[in-house]
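*Asks:* build me a model from this:
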Amino acid sequence: MPADAAIFDVDGTLVDSVDLHARAWQEAFAYFGRRVPFEDVRAQIGKGGDQLLPVFFSQDDLARRGEAIEQYRSDLYQRRYLKRVRAFPQTRELFEELIRRKVRIALASSAKGEELETYKQLARIDDLIDAETSADDAERSKPHPDIFEAALKRLDTDKQQTFAVGDTPWDAIAAHRLGVRCIGMLCGGFAEHDLLEAGCIAIYRDPADLLARLDDSPLGR
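*Replies:* Okay, the predicted model is just below:
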């Protein structure tokens, strides 16, 4: 059955931002007195704050200062790191080719709405999107399927003809819980083994690699 739609994660999939998010979280944790190794924080990127913070803080801690930590992190990222984000090469060209093949495109990101707008401009894809969802549109972030589910509803398409594309195990788990097949991207820095183990059915280096091999990919068959 040919692909009718593709739901793309954004951070680490279309734009190079994973390390920057991890640095912002690590600095926020340190500001609130919690020293966490960079690698431990990075392994959780792809989740929103609602799912990431409980990995490092107790429920009592979160009740007392969870909102303050998340707000500090958000302000820090906007101020110091967002301007350093770059789009991965050939993202626009990939989207243009998918559209030529009549594959509709949605974005499903754990980013805040204003960050998502910046990412779309960086990747030059703001005029190529059929639907989008952000952290503002879902009660729970990945690995819960809420963000992908909201995008699927806005596309109004069949799960069997829809693919998710993401760079983290959390994307793959969220897609699997929704009943959508997931394509993995290595450009976010997660290991191929971890993406396959989480349920990805195919792996590509980055958007340019997916474009180059689109004919043989799940999106092109």
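*Asks:* those helices in this structure, which residues are they?
*Replies:* Here the chain has its helices, by DSSP state H, at 18-31, 38-42, 49-56, 59-76, 91-100, 113-123, 146-155, 169-178, 192-198, 207-212.
*Asks:* what's the nearest residue to the residue nearest the centre of the chain if we skip its chain neighbours?
*Replies:* In the chain, the centroid-proximal residue (Cα atoms, centre = their mean) is residue 9; its distance is 3.4 Å. Setting aside the residues directly before and after it, residue 9 is nearest to residue 166 in space (Cβ to Cβ, 6 or more residues apart in numbering), at 3.7 Å. Backbone N, C-alpha and C define where each C-beta goes, glycine included.
*Asks:* so the one you found sits right up against residue 182, yeah?
*Replies:* Yes: under the criterion of Cβ atoms under 8 Å, residue 166 makes contact with residue 182 at 6.2 Å.
*Asks:* who touches both of these two?
*Replies:* 172, 175 (Cβ atoms under 8 Å, 6 or more residues apart in numbering).
*Asks:* more neighbours: these two, which one.
*Replies:* Ranked by neighbour count (other Cβ atoms under 10 Å), residue 166 and residue 182 place residue 166 first, with 32 against 26.
*Asks:* so, low pLDDT: which residues of this structure?
*Replies:* 1 (pLDDT under 70).
*Asks:* let me see the domain layout of it.
*Replies:* Domain ranges of the chain: 5-17+85-216, 18-84, per automatic domain parsing.
*Asks:* highest average neighbour count across those?
*Replies:* Mean neighbour counts were compared across these using mean count of other Cβ atoms under 10 Å; the top stretch is domain 5-17+85-216, at a mean of 20.
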